[in-house]
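1. Mind folding the following:
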Amino acid sequence: MNTLHKRSPLYTRKIPRSTSNYARPRREHSGAVVNSLKPLPRAMAERTWENTYELTDEKLEQLEEAESLMERMDLSGAERVLLAMLEDEPECIPVLSNLGHLYGKHLSEFENAVEYYDRVLEIEPDNAWARDARRRYSRYIGRD
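-> Residues are numbered from 1 along each chain as shown. Here you go, the predicted model:
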């Protein structure tokens, strides 16, 4: 008889479980941002990154829209926004980089991705991100 699986009468009593964190009411502070329907304070709404390419607020909003469309897998919508931006400013590095990313990662059109990254590197030869992405997609099409 295997005694390892038997329970001793001492350990068979039920131990009450505490309620989970999900069942407990949250403690919230009256001044917390999550409790407020007011807009975020200006310091929190400002960008935490530097606008290196000096894009206008309109261009930044369009880029954010294109990136949001990519995240939602509306790839044709993102492509449409980025190509329209490229018509306005054909040497805009963030737009060229996003098009390279769109064609390479999402659409698997590696030749197009390499072309956009080539254009980025013509304008900004020290752009390591574009250089690495171009190298990766060049391997996929047999160009090293």
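2. Show me the shaky parts of this structure.
-> For the chain, the stretches with pLDDT under 70 are 1-50, 144.
3. mind listing the helices for it?
-> For the chain, helices defined by DSSP state H occupy the ranges 42-45, 57-71, 75-88, 93-101, 110-123, 128-140.
4. any idea of the angle the longest one forms with helix 93-101?
-> Between the axis of helix 57-71 and that of helix 93-101 there is an angle of 10 degrees, by axes from the mean of the first three to the mean of the last three C-alpha atoms, to 10 degrees.
5. Just the CA coordinates for helix 57-71, please, in CSV.
-> Output in CSV follows, covering the C-alpha atoms of helix 57-71 (Å, rounded to 0.1, in the frame of the first residue of the first chain):
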residue,chain,number,x,y,z
ASP,A,57,2.4,68.9,-35.8
GLU,A,58,0.3,68.0,-38.8
LYS,A,59,3.0,65.6,-40.2
LEU,A,60,3.5,64.1,-36.7
GLU,A,61,-0.2,63.4,-36.5
GLN,A,62,-0.2,61.8,-40.0
LEU,A,63,2.7,59.6,-39.0
GLU,A,64,0.9,58.6,-35.8
GLU,A,65,-2.2,57.8,-37.9
ALA,A,66,-0.1,55.7,-40.3
GLU,A,67,1.5,53.8,-37.4
SER,A,68,-1.8,53.3,-35.8
LEU,A,69,-3.2,51.9,-39.0
MET,A,70,-0.3,49.5,-39.3
GLU,A,71,-0.9,48.3,-35.7
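6. Of all the helices of the chain, which one is nearest residue 51?
-> Closest approach to residue 51 among these (C-beta to C-beta): helix 57-71, 7.3 Å. Every C-beta, even on glycine, is put in place using the N, C-alpha and C of the backbone.
7. what's that closest one packed up against?
-> On a contact count with 3 or more C-beta pairs under 8 Å, 6 or more residues apart in numbering; DSSP states H and E, helix 57-71 meets helix 75-88, helix 93-101.
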